[in-house]
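Novice: Kindly generate the corresponding structure for this input.
(2 chains)
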Amino acid sequence: VPSLQASRHPLAVTDEQTRTLARSGAPRFDDVLARNGLPLLATARIEVLQVNVGKLCNQTCAHCHVDAGPDRREAMSRETAAKVIELLRRHDIATLDITGGAPELNPQFRFLVDEAATLGCRVIDRCNLTVLMLPGQADLIPYLAERKVGITASLPSFRQAGTDAQRGDGVFEKSIAALRKLNDAGYGKRIGLVLDLVHNPVGAFLPGKQASLERDYRRELSSRHGIVFDHLHAITNMPISRFLEFLERSGNTVTYMELLVRSFNPVTAAGVMCRTHLSVGWDGALYDCDFNQMLALPVDQGGPGTLDDLLASGVLARRVRTGRHCFGCTAGAGSSCGGALDG
Amino acid sequence: VETYYCPHDLAKFGDMGKNRPELWAKFIDYYGSVFADGALTEREKALIALAVAHTVQCPYCIDAYTNACLEKGSDLDQMTEAVHVATAIRGGSSLVHGVQMRNIAEKIGM
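Specialist: As a prediction, the model looks like this:
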């Protein structure tokens, strides 16, 4: 399956995505914050540096907000990766969260992991699981385990139909095989090798309650496949990129945006990840989150816009740049890269 | 075209609490407790609700519990099996009443 970019789809252009969301009739996010008596989103700290090392991936998932795939070539250079490490060091940032694409396919992945681990950072690898089964990656699991890299792995359903519908034919079977290998290496067994799973709805609806989903996943994966894991993160699909293309193609854009807006939960605004995260693009540009990154909306309200600028100025305070896609993080129980925000 | 059933009316369910709100509050409290995780998970309860919705043939309930089943992680195979359970019980219920037919026919027939 080609990416939107490779197939020259109109929604490969980020402005077209923004226009499509505006046409949906959804209100402006900041207006809804104000209507609920909430302040505009702002931050002055970085607890998690989320680094998107590039868009190359061995899969082309139907909901991917990155429009990643085998045909994408954007990749972080060593020079930029070194600046990431310098930022971690200078600001004593606790967590490095590495994403992509399939971040493990980036030549700088192991450099980032090694250097961040040396600094004492907690390192998270956002893993699509099937990458662990590629012929060239046979040493990846022992490498990650040795450095105690936490793995956050996508598995939208504990059954084949849902997983394959979202992530591609045959992905479920390979994912289960990869999870078995991770368990064999000690992951998910509460010995300091964290294995978290990510559930995304397989369609235009919100995720169910995270705790309830986690119980189901735990029981089903254990009884059917003998697999254990630490936590399940339930993450709402963002109405951008390939998921937006699905919404448009299936005639669901307006109803999905209505669902997100109707489900706005004021309690979640305090915990949205842009308040504790800073997102770095493959080219060193800075964003309030990975979703803003994919909409090409860099930090522009008070904070430095690139790694170079931030390293030069040291200014962490910034107002968050919002858009209609932000309703994806505040709907229902709320959503972040760490799962639900409100139970 | 006007119809008795309108999809938008599902969102107005809460309007039933505008009169005698104390009865509505009791119902909602009970309803919430019934569908919470217990000995059965929320996902399993939503599948039961989906089957019952087909038995009582309530389009609002079918809409609500199709969404609920998907949100809670069920897929179309599982949901279809739930509807077949409802169908089997409905069909079986007709068929088992055939025993009454047989009892009567055997009593009065020659």
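
Novice: in stretch A:14-22, what's buried?
Specialist: By neighbour count on 16 or more other C-beta atoms under 10 Å in any protein chain shown, the buried set for stretch A:14-22 is A:Q17, A:T18, A:T20, A:L21. (C-beta placed from N, C-alpha, C; glycine too.)

Novice: Repeat that for stretch A:206-216.
Specialist: Of all the residues in stretch A:206-216, those buried under the rule 16+ other C-beta under 10 Å are A:L206, A:P207, A:G208, A:K209, A:Q210, A:S212, A:L213, A:E214, A:R215, A:D216.

Novice: what does stretch B:76-93 give?
Specialist: B:Q78, B:M79, B:A82, B:V83, B:V85, B:A86.

Novice: Tell me the bridge partners for A:L197.
Specialist: Counting by DSSP bridges, A:L197 is bridged to A:A153, A:L232.

Novice: Just name whatever secondary elements the longest helix along chain A is in contact with.
Specialist: Across chain A, the helix with the greatest residue count (assigned by DSSP state H) is helix A:210-225. Other helices and strands packing on helix A:210-225, by 3 or more C-beta pairs under 8 Å, 6 or more residues apart in numbering or on different chains; DSSP states H and E, are helix A:171-184, strand A:195-199, strand A:232-234, helix B:42-56.

Novice: Dump the C-alpha coordinates for it into CSV.
Specialist: Once non-C-alpha atoms are left out, helix A:210-225 reads as follows in CSV (Å, rounded to 0.1, in the frame of the first residue of the first chain):
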residue,chain,number,x,y,z
GLN,A,210,-8.7,1.7,29.3
ALA,A,211,-8.9,-0.3,32.5
SER,A,212,-11.6,-2.6,31.1
LEU,A,213,-9.8,-3.0,27.8
GLU,A,214,-6.6,-3.9,29.7
ARG,A,215,-8.4,-6.6,31.6
ASP,A,216,-9.8,-8.1,28.4
TYR,A,217,-6.4,-7.9,26.6
ARG,A,218,-4.6,-9.5,29.6
ARG,A,219,-7.0,-12.4,29.8
GLU,A,220,-7.3,-13.1,26.1
LEU,A,221,-3.6,-12.7,25.3
SER,A,222,-2.7,-14.9,28.2
SER,A,223,-5.3,-17.7,27.6
ARG,A,224,-5.0,-17.8,23.8
HIS,A,225,-1.4,-17.0,23.3
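
Novice: Which pLDDT value belongs to B:V1?
Specialist: At B:V1, the pLDDT value in this model is 72.

Novice: swap in the one 4 residues further on?
Specialist: Each residue has a pLDDT score; the one for B:Y5 is 90.

Novice: Counting neighbours, what do you get for the closest residue to it other than its chain neighbours?
Specialist: Excluding the flanking residues, the one nearest B:Y5 by C-beta to C-beta, 6 or more residues apart in numbering or on different chains is B:P59, at 5.3 Å. When neighbours are defined as other C-beta atoms under 10 Å in any protein chain shown, B:P59 has 14 of them.

Novice: and what of A:A117?
Specialist: Residues lying near A:A117 (other C-beta under 10 Å) number 16.

Novice: where's the residue lying closest to it once chain neighbours are set aside relative to A:L87, distance?
Specialist: Closest residue in space to A:A117, ignoring its immediate chain neighbours: A:R147 at 4.7 Å, by C-beta to C-beta, 6+ apart. As judged by C-beta to C-beta, to the nearest Å, A:R147 and A:L87 stand 20 Å apart.

Novice: Between these two, point out the one with more neighbours.
Specialist: Ranked by neighbour count (other C-beta under 10 Å), A:R147 and A:L87 place A:L87 first, with 21 against 15.

Novice: Quick check: phi and psi at the closest residue to B:R43 other than its chain neighbours.
Specialist: Once flanking residues are discounted, B:R43 sits nearest to B:K72: 4.0 Å by C-beta to C-beta, 6+ apart. Dihedral pair for B:K72: phi -90, psi 0, per degrees, to the nearest 10.

Novice: is it true that B:K72 touches B:L40?
Specialist: No. The criterion here is C-beta atoms under 8 Å, and B:K72 misses it with B:L40 at 11.6 Å.

Novice: which of these two has more neighbours?
Specialist: B:K72 (22 against 13).

Novice: and the gap between the more buried one and A:D97?
Specialist: To A:D97, B:K72 is 28 Å away according to C-beta to C-beta.

Novice: Next: A:D71.
Specialist: As for A:D71, its distance to A:D97 is 25 Å (criterion: C-beta to C-beta).

Novice: Those two: who's more crowded?
Specialist: A:D97 (24 against 16).

Novice: just to revisit the earlier point, what's the closest of the helices and strands packed on helix A:210-225 to A:Q137?
Specialist: Nearest of the helices and strands packed on helix A:210-225 to A:Q137, taken as C-beta to C-beta: helix A:171-184 at 10.0 Å.

Novice: So what's the residue count around A:A75?
Specialist: A:A75 has 18 neighbouring residues, counting by other C-beta under 10 Å.

Novice: give me every residue that touches A:S24.
Specialist: Neighbour list for A:S24: A:P239, A:T253, A:V254, A:M257, A:R324 [criterion: C-beta atoms under 8 Å, 6 or more residues apart in numbering or on different chains].

Novice: among those, which two are most distant?
Specialist: Farthest pair in those (C-beta to C-beta) is A:V254 and A:R324. Separation: 12.0 Å.

Novice: out of those two, which sits in the busier spot?
Specialist: A:R324 (23 against 13).

Novice: my guess is the more buried one meets A:R19, correct?
Specialist: No. Between A:R324 and A:R19 there is no contact under C-beta under 8 Å: 10.5 Å.

Novice: Alongside chain A, which residues does chain B contribute?
Specialist: In this structure, chain B approaches chain A at residues B:37, B:41-43, B:67-68, B:70-73, B:75-78, judged by C-beta under 8 Å from any C-beta of the partner chain.

Novice: Next, the contact list for A:T236, please.
Specialist: Neighbouring residues of A:T236 by C-beta under 8 Å, 6+ apart: A:N200, A:P201, A:L206, A:P207, A:L260, A:G328, A:C329, A:A331, A:G332, A:S335.
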